[in-house]
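> the sequence and its predicted three-dimensional model are supplied below.
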Amino acid sequence: MKKQRGVTVWFTGLSGAGKSTIAQALEAQLRQLGYGLEVLDGDIVRTNLTKGLGFSRADRDENIRRIGFVSHLLTRNGVIVLVSAISPYREIRDEVRDRIDDFVEVYVDAPLQVCENRDVKGLYKRARAGEIKQFTGIDDPYEPPLSPEVHCHTDRESVEESVVKVLAKLETLGYIQLAATPVG
Ligand code: ADP
């Protein structure tokens, strides 16, 4: 593993916006470049670390606080952490940002209609049918970031374009090096 600076790359956005897809593609690129990283995917985290939490504001905040805590520990030990979680509330995202010095927020943005048409997991259909309550974008709020480091528009950008944007920002901020430095 290369000697590296830790950083938390935090993907926020509606369900189906493309957070996990972009994070996975980014993971593959970073591994190829030789970086050590950890992925904390919201859906997976909710089956272990934050199991039992629901979708009230308090539970959503607690979910994010715990993910943020683990990200903080990893980041300060030189790990690149890719977090994908809807994280709908600005205040708790900013709280996590304040705690983790090295924090890059990626707003994965697609109109609700696009996410709903994709309906990757069939959840929008169930939310519209009233089978799932407190579903972000339907009957629960989403507060977009005001100044994210990266803003991906997945309704009009390819996954590759979004990944390149994140990689470029990580390089600009000094977390990774994309091109090998010429020797001599
Ligand atoms: P989230 O993690 O935000 O809930 P997912 O990554 O699970 O979203 O699902 C996003 C879906 O949208 C995937 O099926 C993905 O293939 C599709 N998709 C289409 N275009 C894009 C794009 N430009 N960026 C990311 N995902 C996209």
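Received, thanks. Residues are numbered from 1 along each chain as shown.
> tell me which residues of the longest helix that the chain contains are tucked away?
Looking across the chain with DSSP state H, the single longest helix is helix 57-76. Using 16 or more other Cβ atoms under 10 Å as the test for burial, helix 57-76 gives 60-64, 67-68, 70-72, 74-75. Heads up, the C-betas are built off the backbone N, CA and C, glycines and all.
> repeat for stretch 89-108
By neighbour count on 16+ other Cβ under 10 Å, the buried set for stretch 89-108 is 89, 92-93, 96-97, 100, 102-108.
> cool, and stretch 111-130?
112, 114-116, 118, 123-124, 127.
> can you name the residues of the chain that neighbour the ligand?
Residues of the chain lying close to the ligand (Cβ under 6 Å from any ligand atom) are 13, 15-22, 84, 108, 118, 120, 154, 157-159, 162.
> again, 8 Å this time
Contact residues, the chain versus the ligand (Cβ under 8 Å from any ligand atom): 11, 13-24, 41-43, 84, 86, 108, 110, 115, 118, 120-121, 152, 154-159, 161-162.
> nearest to the ligand among the buried residues of stretch 89-108?
The ligand lies nearest to residue 108 out of the buried residues of stretch 89-108, by Cβ to the nearest ligand atom, at 5.8 Å.
> ok, now which ones touch the closest one?
11-13, 17-19, 22, 84, 152, 154, 162 (Cβ atoms under 8 Å, 6 or more residues apart in numbering).
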